[in-house]
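**Q** A structural model of the following input is requested.
(chains A and B)
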Amino acid sequence: MLRIEKLVKQYPTGDRALRGVDLMVPEGEVVALIGPSGAGKSTLIRCVNRLVEPTSGKIWLRDTEITALSARRLRQVRRRIGMIFQEYALVERLTVMENVLSGRLGYVNFWQSWFRRFPQHDVDQAFALLERVGLSDFVDKRADELSGGQRQRVGIARALIQSPDMLLVDEPTASLDPKTSRQIMRLITELARERGLAVIINIHDVPLAQLFVKRIVGLRAGEIVYDGPPEGLTPERLTDIYGEEDWGAGQAVAGADSAQEMDPEPSPIFAASTSNA
Amino acid sequence: MPVTVVNNTKVWQRYDTATRMKIWLGWIIGTAITLLCWQLISNNTRWEFVADASQQLSAFLQRMFPPDWAYAEQLWKPLWDTITIATLGTLLAMSIALPLSFVAARNTTPHPILRYVALLIIVISRSVNSLIWALILVAITGPGVLAGILAIALRSIGFIGKLAYESIEETSYEPIEAITATGANRLQVLDYAYLPQVLPSFAGISIFRWDINIREATVLGLVGAGGIGLNLNASVDLLRWDRVGMIFILIFALVLISETLSARVRKAII
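**A** Below is the predicted model:
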């Protein structure tokens, strides 16, 4: 589905955010992208839909080489890539319905969108998606009246109404409490499975990623340093990605706590660290 | 270095000695300049005129009171003209200033050269007072309400345009990124991501300008650009101070109403 080859991004300031990244994400696979702040996670997913222009390298979505597209063709391909953001990135003064329908902007012409005359098919879909994410009663609410978790659900509906082939998800839970974070992660991974989407999720919370995702990619200083299953994230591996830290001790306590409070199964990182101790 | 060590204790002060000296020096120079200016003004003033100012004022007020209440009959039409000039002038300015502000804002301008053209228009509009615009326009379009409307509009374009483009430059980037990511085109991004963020402040700015324009429109008549200022001018020329008093009362009432109205509307928007 998605193929990234030798992707390099150098900002005008001289910062090299990405130093030759190769990555393949097949259809229906959810990948969690972890790494310290400034490792290039945000830059990487923004290069995929060219919100950030890559310096060099190639990106393919199916047979389309995204990196070679004209502005007009790029807009057409962006329709196939849904995006979900850390701070939800809703338009606060528009209603929930308008925010969801804005996911269809690439499919309607300017006057249709100006007069908010979206095709009935789009409106049906918007109602169905709002039902699916549990916001049926909020259709006419303004986005700034919603809580964080509700806003992120609107963000998810907006991304899915594009009928995308893949999702780019940027720190979806960084502004949410632990319980809502899990619900949002569960919703995103479920929807991805239902629709067979390729997904890249940037995420800081490693245990949360390990709970919901089968493949983890670790990025450090613009290079991939880990690519494998969540069980493989040993303390040594985490040190590769994040730098020196007593992973076993800190995580064991935190992992045990959260496991008892919120989930019967032990946190995988706890299991990994004890098995490698 | 505001931190010094005294007896092994770290002492923190807001300013170090050099900065403190500079602040003192600034105060001394500022005081000296104020005193000098005061002396200059004093030397150029005929103090005997100032001495009987209170008598002049009371004589003036006596000539205005009682106001010529019957004259109000003839003032409703020019008062209405004044409101019309302010309102239509503001509406005209809004319709030009909104697109102009998108051209002038750094983050939405279609081209840097166009941006400088837009900024130039805004500066020109702002640098000339409504009364002077009116003087010019009366010469071009002839005296009357139209000249007033255009004068108000020309001055307001710059005012509204400048404040509006500054608020466009302060829009938050996340929704813009999100709408762009859906595959929306430039106009759709403006419509869905920028406009909702900018419209409340645009409406607030416009209503504020309308409030100012009501006051400006009351004096435009002095140069022949319509409104109640025409009557004010004529009454002063005829030394009919009782009529001038009547006009002042109406202007005061009008300004009071417009100010209340604009305060209410702004509160409702924000």
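**Q** would you mind naming what in chain A lies close to chain B?
**A** A:49, A:51, A:75-79, A:81, A:83, A:85, A:87-94, A:98, A:102-107, A:110, A:113-114, A:155, A:158, A:162, A:168 (C-beta under 8 Å from any C-beta of the partner chain). Every residue, glycine included, has its C-beta placed from N, CA and C.
**Q** could you rerun that using 7 Å?
**A** A:49, A:51, A:75-76, A:78-79, A:83, A:85, A:87, A:89-91, A:93-94, A:102-103, A:105-106, A:110, A:113-114, A:162 (C-beta under 7 Å from any C-beta of the partner chain).
**Q** which helix or strand contains the residue nearest the centre of chain B?
**A** The structure's chain B has its C-alpha centroid closest to B:Ile212; by C-alpha atoms, centre = their mean the separation is 5.7 Å. B:Ile212 is located in helix B:195-220, with elements delineated by DSSP states H and E.
**Q** that helix close to chain A?
**A** Yes - for helix B:195-220, a contact with chain A is found by C-beta under 7 Å from any C-beta, at B:196-197.
**Q** and that helix, what's its mean pLDDT?
**A** Helix B:195-220 shows a mean pLDDT of 92.
**Q** so how far is B:Ala118 from the closest residue to B:Pro110 other than its chain neighbours?
**A** In this structure, B:Pro110 finds its nearest non-sequential neighbour in B:Val103, 6.7 Å apart by C-beta to C-beta, 6 or more residues apart in numbering or on different chains. B:Val103 sits 4 Å away from B:Ala118, taking C-beta to C-beta, to the nearest Å as the criterion.
**Q** what about the closest residue to A:Met166 other than its chain neighbours, neighbour count?
**A** Distances taken as C-beta to C-beta, 6+ apart place A:Ala198 nearest to A:Met166, at 4.1 Å, with adjacent residues excluded. A:Ala198 is flanked by 23 other residues according to other C-beta atoms under 10 Å in any protein chain shown.
**Q** ditto for A:Leu101
**A** 23.
**Q** cool, the one 5 residues further on as well?
**A** The tally of other residues near A:Gly106 (other C-beta under 10 Å) stands at 21.
**Q** what's the answer for A:Asp140, then?
**A** 9.
**Q** ditto for A:Thr239
**A** 13.
**Q** same question for the helix or strand where it lies, mean pLDDT?
**A** Per DSSP H and E: A:Thr239 is located in helix A:235-242. When pLDDT is averaged over helix A:235-242, the result is 88.
**Q** how far out from the middle of the chain is that helix?
**A** 22 Å (C-alpha atoms, centre = their mean, to the nearest Å).
**Q** could you dump it to PDB, C-alpha only?
**A** Output of helix A:235-242 as PDB, limited to C-alpha atoms (Å, rounded to 0.1, in the frame of the first residue of the first chain):
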ATOM      1  CA  PRO A 235      15.200  -2.400  27.500                       C
ATOM      2  CA  GLU A 236      18.200  -2.600  25.100                       C
ATOM      3  CA  ARG A 237      16.000  -1.700  22.200                       C
ATOM      4  CA  LEU A 238      14.300   1.100  24.000                       C
ATOM      5  CA  THR A 239      17.800   2.500  24.900                       C
ATOM      6  CA  ASP A 240      18.600   2.300  21.200                       C
ATOM      7  CA  ILE A 241      15.600   4.400  20.400                       C
ATOM      8  CA  TYR A 242      15.300   6.800  23.300                       C
END
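**Q** which strands and helices sit next to that helix?
**A** strand A:215-220, strand A:223-228, helix A:247-262 (3 or more C-beta pairs under 7 Å, 6 or more residues apart in numbering or on different chains; DSSP states H and E).
**Q** and those, which one is worst for confidence?
**A** Lowest mean pLDDT of the helices and strands packed on helix A:235-242: helix A:247-262, a mean of 50.
**Q** contact partners of stretch B:67-83?
**A** Here stretch B:67-83 makes contact (C-beta atoms under 7 Å, 6 or more residues apart in numbering or on different chains) with B:145, B:214, B:217-218, B:226-228, B:230-231, B:242-243, B:245-247, B:249-250, B:254.
**Q** just the buried members of these?
**A** Among the contacts of stretch B:67-83, the ones that count as buried by 16 or more other C-beta atoms under 10 Å in any protein chain shown are B:145, B:214, B:217-218, B:226-228, B:230-231, B:242-243, B:245-247, B:250, B:254.
**Q** farthest pair within those residues?
**A** B:Val145 and B:Asp242 (26.4 Å; C-beta to C-beta).
**Q** need the strands for chain B, in chain order.
**A** Ranges of strands within chain B are B:3-6, B:9-12, based on DSSP state E.
**Q** how near is the closest residue to A:Arg19 other than its chain neighbours to chain B?
**A** Counting by C-beta to C-beta, 6+ apart, the nearest residue to A:Arg19 once its immediate chain neighbours are dropped is A:Gly222, at 4.1 Å. Distance, A:Gly222 to chain B, by C-beta to the nearest C-beta, to the nearest Å: 21 Å.
**Q** residues in contact with A:Gly222?
**A** Applying C-beta under 7 Å, 6+ apart, we find A:Gly222 in contact with A:16-19, A:39-40.
**Q** ok, 6 Å please
**A** A:16-19, A:40 (C-beta atoms under 6 Å, 6 or more residues apart in numbering or on different chains).
**Q** so which of those residues belong to strands?
**A** Using DSSP E, the contacts of A:Gly222 in strands are A:16-19.
**Q** per-residue pLDDT, whatever residue of the stretch 51-200 of chain B ends up closest to chain A?
**A** Of all residues in the stretch 51-200 of chain B, the one sitting closest to chain A is B:Gly183 (2.7 Å; C-beta to the nearest C-beta). Note on B:Gly183: pLDDT of 94.
**Q** tell me how far the closest residue to A:Glu53 other than its chain neighbours lies from chain B.
**A** Excluding its sequence neighbours, the residue lying closest to A:Glu53 (C-beta to C-beta, 6+ apart) is A:Cys47, at 7.7 Å. Per C-beta to the nearest C-beta, A:Cys47 is found 12 Å from chain B.
**Q** what about A:Cys47, helix or strand, and which?
**A** Judged by DSSP H and E, A:Cys47 forms part of helix A:41-48.
**Q** check which element follows that helix along the chain.
**A** strand A:56-61.
**Q** next helix or strand past that next one?
**A** Downstream of strand A:56-61, the first helix or strand assigned by DSSP H and E is strand A:64-65.
**Q** that next one: what's the following helix or strand?
**A** Taking DSSP H and E, what comes next after strand A:64-65 is helix A:71-78.
**Q** how about that next one, which residues are buried there?
**A** Buried, per 16+ other C-beta under 10 Å, within helix A:71-78: A:74-75, A:77-78.
**Q** quick one: contacts of the next helix or strand after it?
**A** Heading C-terminal from helix A:71-78, the first helix or strand you meet, by DSSP H and E, is strand A:81-84. For strand A:81-84, contacts defined as C-beta under 6 Å, 6+ apart pick out A:49, A:155-156, A:159, A:162, A:164, A:166-169, A:172, B:181.
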